[in-house]
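Peer 1: Provide a 3D model corresponding to the input given below.
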Amino acid sequence: TWHRRLGDRDNHLEEAKTFYQKVREEEPEHKESIDALEEIYVALDRAEDLLEIYRGQIDLSPDTDKKIDYLFRTVDLMRDRLEDPEGAIAPAQEALALSPGHHGAIARLDELFTKTERWEDLAQTLEDTIRIVAHDQKRVIELKNRLALVYEKNLERPDTAIEIHASVLAVDPENDNAIE
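Peer 2: Sure, this is the predicted structure:
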């Protein structure tokens with residue numbers, strides 16, 4: 001693309017941005033323009049504009065993996081650059097809905113619910129995921145250990161935490177997290 005040949009000087013990037021925006025006005029799904037605008041917005045540190053590109057890619061992509069990739073980019077941008085962890089929850093939940101039990105979606109939701117102190121939502125997400133991945137004993141144990149910790153430390157429901165730890169010990173008697 002020609003914007004790379006111009007160098008990274010801001011005025012050239014602004015010219016390139018204008019050019020690619022005009023192309024997108026004519027052809028909203030023009031891939032080269034979308035990709036170029038993404039690069040330009042990153043170079044110009046334009047988080048809001050980048051967020052718009054990501055949202056468009058989520059809507060346009062027929063491929064689930066690409067949608068999830070752009071949903072994660074959206075989550076990360078909202079959480080890190082825009083400092084909006086509450087707003088980042090919806091795209092993380094959308095990724096989880098597209099791929100139930102997805103490690104990346106669960107990890108992001110865990111982080112976001114923890115940061116926003118939405119403990120009931122975190123517990124519900126973990127419980128739902130445990131049901132979905134019931135065939136994967138190692139993953140179930142990992143999720144149950146996290147869930148027990150949430151019930152014990154954050155929801156102040158030690159009885160529930162003990163029940164969860166007991167269910168872990170029933171299948172893994174040497175589990176250090178459940179023993180503690």
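Peer 1: skipping adjacent residues, who's closest to residue 134 in space?
Peer 2: residue 140 (6.3 Å; Cβ to Cβ, 6 or more residues apart in numbering). In short, each C-beta sits where N, CA and C put it, glycine included.
Peer 1: ok, that neighbour - contacts?
Peer 2: For residue 140, the contact set (Cβ atoms under 8 Å, 6 or more residues apart in numbering) comprises 130, 133, 134.
Peer 1: what about residue 96, neighbour count?
Peer 2: 22 (other Cβ atoms under 10 Å).
Peer 1: name the residues of the longest helix along the chain that are buried.
Peer 2: In the chain, taking DSSP state H as the definition, the longest helix is helix 10-26. Within helix 10-26, the residues scored as buried using 16 or more other Cβ atoms under 10 Å are 13, 16, 17, 19, 20, 23, 24.
Peer 1: this structure: helices as residue ranges?
Peer 2: 2-6, 10-26, 31-43, 47-60, 64-76, 85-98, 103-115, 119-132, 137-149, 158-171, 176-179.
Peer 1: re the thing from before, so the residue nearest to residue 134 versus residue 32, what's the distance?
Peer 2: Residue 140 is 45 Å from residue 32, where distance means Cβ to Cβ, to the nearest Å.
Peer 1: rewinding a little: could the helices of the chain go into JSON lines alongside mean pLDDT?
Peer 2: Shown next, in JSON lines, are those (pLDDT from 0 to 100):
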{"stretch": "helix 2-6", "mean pLDDT": "47"}
{"stretch": "helix 10-26", "mean pLDDT": "85"}
{"stretch": "helix 31-43", "mean pLDDT": "91"}
{"stretch": "helix 47-60", "mean pLDDT": "93"}
{"stretch": "helix 64-76", "mean pLDDT": "97"}
{"stretch": "helix 85-98", "mean pLDDT": "97"}
{"stretch": "helix 103-115", "mean pLDDT": "96"}
{"stretch": "helix 119-132", "mean pLDDT": "96"}
{"stretch": "helix 137-149", "mean pLDDT": "96"}
{"stretch": "helix 158-171", "mean pLDDT": "96"}
{"stretch": "helix 176-179", "mean pLDDT": "90"}
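Peer 1: adding distance to residue 40, write the buried residues of helix 10-26 out as CSV.
Peer 2: Converted to CSV, those look like this (distance: Cβ to Cβ, whole Å):
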residue, distance to residue 40
13, 5
16, 6
17, 5
19, 10
20, 7
23, 12
24, 12
